[in-house]
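Q: structure of the sequence below:
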Amino acid sequence: MEEELKCVICKRIYNNPVLLPCFHSMCLNCGVHIQQPAQQVLSGNEDTQTVISDGSYEGSTGDSPNVDTLSIVSETDSGVVVNSRPNSYVGTPNIHGMIFPPLPANSLAVTCPVCHKTVYFDENGIQNLPKSRALQSIIDRYRESKNLVVKCQLCAGEPQDATFMCEQCEVFYCTPCKDNCHPSRGPLATHNLINPSQGRDKLKSKNKTRDARCAEHADEQLSMYCMLCKIPVCYLCIQEGRHNSHDVQALGAMGKAQKTELSQTLQALSEKLKAGTELLARLKTMPEKVQDNCKEFEKGILSNCDTLIAAIQERKEDLVKHAREEREYKIKIIKDQTLQCSQKISGTTGLLQFCIEALKEPDAAAFLQIGTGLINRVSNIDMLWHKEVPMSSRVAAEFDLTLDMKSIMAAIHQLDFLQMKLPGGATIIPEECSAENNSVTIAWQQHSQSYVEGHILEIDDGNNGPFRVVYCGKETICTIDGLHFHSMYNARVKSFNSTGEGPYSDCIALQTAEVAWFMLDVTDAHPDLVFTNDNQTATCNSYDDRVVLGNIGFSKGVHYWEVVIDRYDNHPDPAFGIARFDVTKDAMLGKDDKGWSMYIDSKRSWFIHNNQHSERSEGGVGVGAVVGVLLDLDRHTLSFFVNDEPHGPVAFADLHGVYYPAISLNRNVTMTLHTGLDPPSDAEGSESSGISAAQ
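A: Next up is the predicted model:
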């Protein structure tokens, strides 16, 4: 864990750490040494990534309600998410075309040594950054557990052991620095100097009793957490400051929530760390196994070669040499992987211990200073673990080679090793398999000690029927779309090489969704249509009707969805229903033989298919009206509802095949789609549970 406690600048344990807006830390003294005049930084790098000031800086837009929004957009453009915007942060003259107040001549800038993002300050520079209280608390506990000697805070070079601490200055001194920087005369004569251990205890006690105060309202305690700005705030910040329109939560509750999130992520990472440790143990024993297996392999080669006549003697030595080269190659690969795995596990172990110490932090505000950064780091390591630390050795300990003893004497000089073994069984990885809507994703890994050229994935029909091949190739993950809803699919995989196919893996069962969640399909929509709200809301720019389909088709089961009328001008007649995939897109739904719909205005409605109108019904729609579509492919019928009431008789019957949800509209109407709904209770056949989709 000690590496987590070292400053990236001085390479020593943090001394008085401060927290940058990017969640990285540095020693206060290191920050003072690397800060530069802001104008010098800007002139040296016009494209630097920057942190933008808040609107309260003198010369900005003042109390304009758009200031905070502008800052957020600017932060996104610059590549830095600012979780704190005190008045000491100042802006850049121009970023991506947006004008901000010019930098004062005495502004300072600090570039993060980790992510290389730049923060701009007023003349106080790095002193404006908040102290990393949680990090300091962890360092104090670490020093106590390791009995580390407190170092002088003012040594120019390698810091010496501290011999004094000033109670008033709260600074540790070695004897030379005390004589130079803190003489016992003048105003400093009244200061009380104590030994470092007493000083450390006093500082620790003082930090525990010191209230967490608001930076903008010194008399107010931090009690809430702004979800937008990602900083603790006080009561006055919410009532009078820039946070009055932001979403805020209780400080303690947010600290507990982030600790819970970090704990859960650590649990998953701990499991991977455990598996990596076990792999490391296996890797360390593999060289010996390779040695033993190589000896047996050599004996076999020598035995086979000894049975041949003199013509094979020369070739025999070549084969033995090849085997030994293979041995050295395997050992080299294993040692390289062992070193890589050791480094990864060491780094992750340090981070894990650091996070555990962070979770012990009782101060929620202090923890929140580093909580988000830790969560991001742990999540990234957890997500990339399988890529960076493969859970199997890169080479096998066994030598899957044999000699072809059946060759005739004329072919002795072509004698070589042949791959003769079938691949071992592949293993499906359950935690990486998933089912979403009417698709399933299956991931697997090949046998760690087999030569594999490809894999064959098979899946049944969702009804315990026969398996069929859905994928053949070198990839080890596959997503299968267009399956039935509310069905349990079984999948299995096997590997193959030039020798043949290996055994099947164990089956995995995946359940598709019970109801269909879908959206409007923008990929094949008419260019006059505009989609918002995650492709759930549609608007048209044309006075002519335009058709848009859903992105999922149905072939069986009972499905119900609703469309809400958000805007309705000049009495248009939008249409709702179903269609084939190749329906005409530039006319009202139902004008051709590929669409079935109900079109409705403010007073009445009709059913239409193949331009044949039928069953006029009284009652129309307006703003806020809800049109429901019930597609019952168990009974092969289509029915409609308006405001939760049946509208007309069964509209269409004898429906067979694959149908897509569809609507048509023009510029006088805006509609929003709602899916994943249960059929109305008074709909015939609504109790049916056979909900599925087309393949």
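
Q: how about low-confidence regions in this protein?
A: By pLDDT under 70, the low-scoring segments of the chain are 44-103, 206-212, 308-313, 403-420, 682-695.

Q: for it, which segments are assigned as helices?
A: Taking DSSP state H to define them, one finds helices in the chain at 28-34, 38-44, 67-78, 133-146, 175-181, 196-209, 235-239, 251-306, 313-359, 364-388.

Q: give the contact list for the spatially closest residue to Ile356 that is not a sequence neighbour.
A: Among residues not flanking Ile356 along the chain, Leu266 sits closest, at 7.4 Å (CB to CB, 6 or more residues apart in numbering). To be clear about C-beta, it is placed using only N, CA and C from the backbone, and glycine gets the same treatment. Neighbouring residues of Leu266 by CB atoms under 8 Å, 6 or more residues apart in numbering: Leu352, Cys355, Ile356, Val378.

Q: make a ChimeraX selection of the buried ones in the residues you listed.
A: In ChimeraX, this line selects whichever of the contacts of Leu266 come out buried by 16 or more other CB atoms under 10 Å:
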select :352,355,378
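
Q: CSV please, covering the contacts of Leu266 and showing distance to Gly371.
A: Compiled in CSV, the contacts of Leu266 are given as follows (distance: CB to CB, whole Å):
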residue, distance to Gly371
Leu352, 15
Cys355, 10
Ile356, 13
Val378, 11
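
Q: and the two most separated of the contacts of Leu266?
A: Between any two of the contacts of Leu266, the greatest separation by CB to CB is 11.2 Å, found for Ile356 and Val378.

Q: show me what contacts the closest residue to Gly454 other than its chain neighbours?
A: Nearest non-adjacent residue to Gly454, counting by CB to CB, 6+ apart: Lys474, 5.3 Å away. Listed by CB under 8 Å, 6+ apart, the contact partners of Lys474 are Glu453, Gly454, His455.

Q: which of these are buried?
A: For those, buried by 16+ other CB under 10 Å: Gly454, His455.

Q: out of the contacts of Lys474, who's nearest Cys214?
A: When the contacts of Lys474 are compared against Cys214 (criterion: CB to CB), the nearest one is His455, at 59.2 Å.

Q: and Gln353, how many neighbours does it have?
A: 15 (other CB atoms under 10 Å).

Q: isn't it up against Leu5?
A: No - using CB atoms under 8 Å, Gln353 makes no contact with Leu5, being 10.0 Å away.

Q: surely Tyr659 is in contact with Lys556?
A: No - if you go by CB under 8 Å, Tyr659 and Lys556 don't touch, sitting 10.4 Å apart.

Q: these two: which has the busier surroundings?
A: Tyr659 (25 against 18).

Q: number of residues surrounding the nearest residue to that one once chain neighbours are set aside?
A: Excluding its sequence neighbours, the residue lying closest to Tyr659 (CB to CB, 6+ apart) is Ile578, at 4.2 Å. Neighbourhood size, Ile578 [other CB under 10 Å]: 27.

Q: one more: Thr672?
A: 16.

Q: identify the residues contacting it.
A: Counting by CB under 8 Å, 6+ apart, Thr672 touches Asn533, Gln536, Thr537, Ala538, Val563, Val564, Asp566.

Q: farthest pair within those?
A: With CB to CB as the measure, no two of the contacts of Thr672 lie farther apart than Asn533 and Val563, at 12.7 Å.

Q: so which of the two has more stuff around it?
A: More neighbours surround Val563 than the other of Asn533 and Val563, with 22 against 12 (other CB under 10 Å).

Q: quick one, what contacts that one?
A: Phe576, Val626, Val627, Gly628, Val629, Ile663, Met671, Thr672, Leu673, His674.

Q: just the buried subset of those, written out for ChimeraX, thanks.
A: Only the buried entries of these go into this ChimeraX selection, using 16+ other CB under 10 Å:
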select :576,626,627,628,629,663,671,672,673
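
Q: for Ala109, which of the helices of the chain is the nearest?
A: helix 38-44 (4.3 Å).

Q: now for the closest one, which elements pack on it?
A: strand 108-111, strand 118-121 (3 or more CB pairs under 8 Å, 6 or more residues apart in numbering; DSSP states H and E).

Q: try 6 Å
A: If contacts are counted by 3 or more CB pairs under 6 Å, 6 or more residues apart in numbering; DSSP states H and E, helix 38-44 sits against strand 108-111.

Q: wait, Gln258 touches Gly371, no?
A: Yes - if you go by CB atoms under 6 Å, Gln258 and Gly371 touch, sitting 4.1 Å apart.

Q: in terms of neighbours, single out the busier of these two.
A: The neighbour comparison of Gln258 against Gly371 (other CB under 10 Å) goes to Gly371, with 25 against 20.

Q: could you measure from the more buried one over to Lys316?
A: When distance is defined by CB to CB, to the nearest Å, Gly371 is 66 Å away from Lys316.

Q: repeat for Ile600
A: Distance of Ile600 to Lys316, computed by CB to CB: 89 Å.

Q: which of these two has more residues huddled nearby?
A: Set Ile600 next to Lys316 and count neighbours by other CB under 10 Å: Ile600 wins out with 25 against 17.

Q: that one against Gly619, yeah?
A: No - if you go by CB under 6 Å, Ile600 and Gly619 don't touch, sitting 8.2 Å apart.

Q: list the buried residues in stretch 173-192.
A: Buried residues in stretch 173-192 (16+ other CB under 10 Å): Tyr173, Cys174, Cys177, Lys178, His182.

Q: which outside residues touch that stretch?
A: Applying CB atoms under 6 Å, 6 or more residues apart in numbering, the contact partners of stretch 173-192 are Cys152, Leu154, Gln160, Ala162, Thr163, Phe164, Cys166, Glu167, Gln168.

Q: in strands only, show me the residues you listed.
A: Phe164, Cys166 (DSSP state E).

Q: which of the contacts of stretch 173-192 has the largest number of neighbours?
A: Using other CB under 10 Å as the neighbour test, the contacts of stretch 173-192 are led by Ala162, with 25 neighbours.
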